[in-house]
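K.L.:
generate coordinates for the sequence data below:
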Amino acid sequence: MGDSLVLIGPSGSGKSAVGRVLSDRLGSGLLDASEALGTEETSVTEAFVQDPEDAQRRINMRARDLVEMVSKNTDQRHVVELPPSAPLDRAVRSALLAAREKDVIVIYLDANLETLARRSGLGAAQPGFLGTPRAWFRQLNRTLEEGYQGLYDLHCDTTHVDPDAVVDEIMRVVAIN
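P.N.:
Residues are numbered from 1 along each chain as shown. Coordinates of the predicted model:
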């Protein structure tokens, strides 16, 4: 079966929505690396507020483990969603590059800044003394874009496209049945 897929991209790019549609169409599970942080007592957001360094370390380890697992388990098809910064981690990046050599397809979902900001809750300009949240968001997305270079097989712009259309494009381009 093979052809597992890993979705990377900034916040607001549609990884969760596209991942759900893609996993439904392929009859596979959606594996979300962020789930490693959530517990009954603590949400993912709370985990980052309580101890950001530990939360980032745990999420990167989970991301690396999921990528390595899908690259070894070719009997089943999986869809993996990675949090935005995970591919910037050296171990996750190495795992992604190795997985691509084993026919795991890495898809970079992206959208224009206005769409990403709106989907992430930064839809209105917000002035501030040390810079606006949107300016920080823009810089973060530039950093992610640079960090993703060389890691993906397919780049999909989700700016004006619904998740079903994105999945249609993915399935057409990578020829998945």
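K.L.:
quick one: the strands in the chain?
P.N.:
Under the criterion DSSP state E, strands of the chain are mapped to 5-8, 30-32, 79-81, 105-110, 154-157.
K.L.:
so which of the ones you listed comes closest to Asp89?
P.N.:
Of all those, strand 5-8 sits nearest to Asp89, with 11.8 Å by Cβ to Cβ. The C-beta positions use only the backbone N, C-alpha and C, and glycine is treated the same way.
K.L.:
give me the sheet partners of the closest one and which way each runs.
P.N.:
Strand partners for strand 5-8, identified by DSSP bridges, are recorded as strand 79-81 (parallel), strand 105-110 (parallel).
K.L.:
to Cys156, which of the ones you listed lies closest?
P.N.:
Relative to Cys156, the nearest member of these by Cβ to Cβ is strand 105-110, separated by 5.3 Å.
K.L.:
now that closest one: how far from the chain's centre is it?
P.N.:
On the basis of Cα atoms, centre = their mean, to the nearest Å, the separation between the geometric centre of strand 105-110 and that of its chain is 8 Å.
K.L.:
alpha carbons of it, as CSV, please.
P.N.:
Taking only C-alpha atoms (Å, rounded to 0.1, in the frame of the first residue of the first chain), the coordinates of strand 105-110 have been written out as CSV:
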residue,chain,number,x,y,z
ILE,A,105,5.2,12.1,0.3
VAL,A,106,5.7,15.4,2.1
ILE,A,107,3.2,18.1,1.2
TYR,A,108,3.7,21.8,2.0
LEU,A,109,0.4,23.6,2.5
ASP,A,110,0.5,27.3,2.4
